[in-house]
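Enquirer: structural data only, the sequence is not supplied:
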């Protein structure tokens, strides 16, 4: 039996980061009805204190973004590696698709850090709108 888990991300602006990562992962933002927030007595100023994204196919992990008061101060100890293509694609085509995905995410708020080539593989390292590193290959 596979483990069921969610990835939790501490951040300053949950909805901004959820929207960015929904674009990066081809996920969708999980909508929380205002009626539910009101029924739970969540103060309106805290409505953006949490957000989540889900795989529209229902097979990927859920990502939960929670607002925290402290800012990110160090390099990530782990990060996501995004694959821009399916398995079996030539390294050249994979790199071209990775560059296209990187440009899409830069338009969505990411910043390019650097590109690497090692052992016949290429990848691009970026940071999301709050400075969390990730790679596309």
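Expert: Thanks, I have it. Quick caveat: nothing in here was measured; it's all calculated off a predicted structure.

Enquirer: which helix or strand contains residue 98?
Expert: With elements taken from DSSP states H and E, the one containing residue 98 is helix 91-107.

Enquirer: can you name every helix or strand that that helix contacts?
Expert: helix 14-25, strand 121-127, strand 133-136 (3 or more CB pairs under 8 Å, 6 or more residues apart in numbering; DSSP states H and E). Glycine gets a C-beta too; all of them are placed from N, C-alpha and C.

Enquirer: report pLDDT for residue 75.
Expert: Residue 75 carries a pLDDT value of 83.

Enquirer: my guess is it contacts residue 131. True?
Expert: No. With contacts counted by CB atoms under 8 Å, residue 75 stays clear of residue 131, the gap being 9.4 Å.

Enquirer: which of the two has more residues huddled nearby?
Expert: Legend: neighbour count by other CB atoms under 10 Å for residue 75 and residue 131, higher for residue 131 (14 against 9).

Enquirer: the helices and strands packed on helix 91-107: which one's closest to residue 88?
Expert: Residue 88 lies closest, by CB to CB, to one member of the helices and strands packed on helix 91-107: strand 121-127, at 14.3 Å.

Enquirer: and the angle for that closest one with helix 91-107?
Expert: For strand 121-127 against helix 91-107, the angle by axes from the mean of the first three to the mean of the last three CA atoms, to 10 degrees is 10 degrees.

Enquirer: list the buried residues of strand 121-127.
Expert: Neighbour counts over strand 121-127 (16 or more other CB atoms under 10 Å) mark 122, 123, 124, 125, 126, 127 as buried.

Enquirer: return the list of strands paired to that strand, each annotated with direction.
Expert: strand 111-118 (antiparallel), strand 133-136 (antiparallel) (DSSP bridges).

Enquirer: dump those strands to JSON lines, plus mean neighbour count.
Expert: Listed next are those as JSON lines, based on neighbours: other CB atoms under 10 Å:
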{"stretch": "strand 111-118", "mean neighbour count": "11"}
{"stretch": "strand 133-136", "mean neighbour count": "20"}
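
Enquirer: out of the ones you listed, which gets nearest to residue 10?
Expert: Nearest of those (CB to CB): strand 133-136, 14.8 Å.

Enquirer: this completes my enquiry, with thanks.
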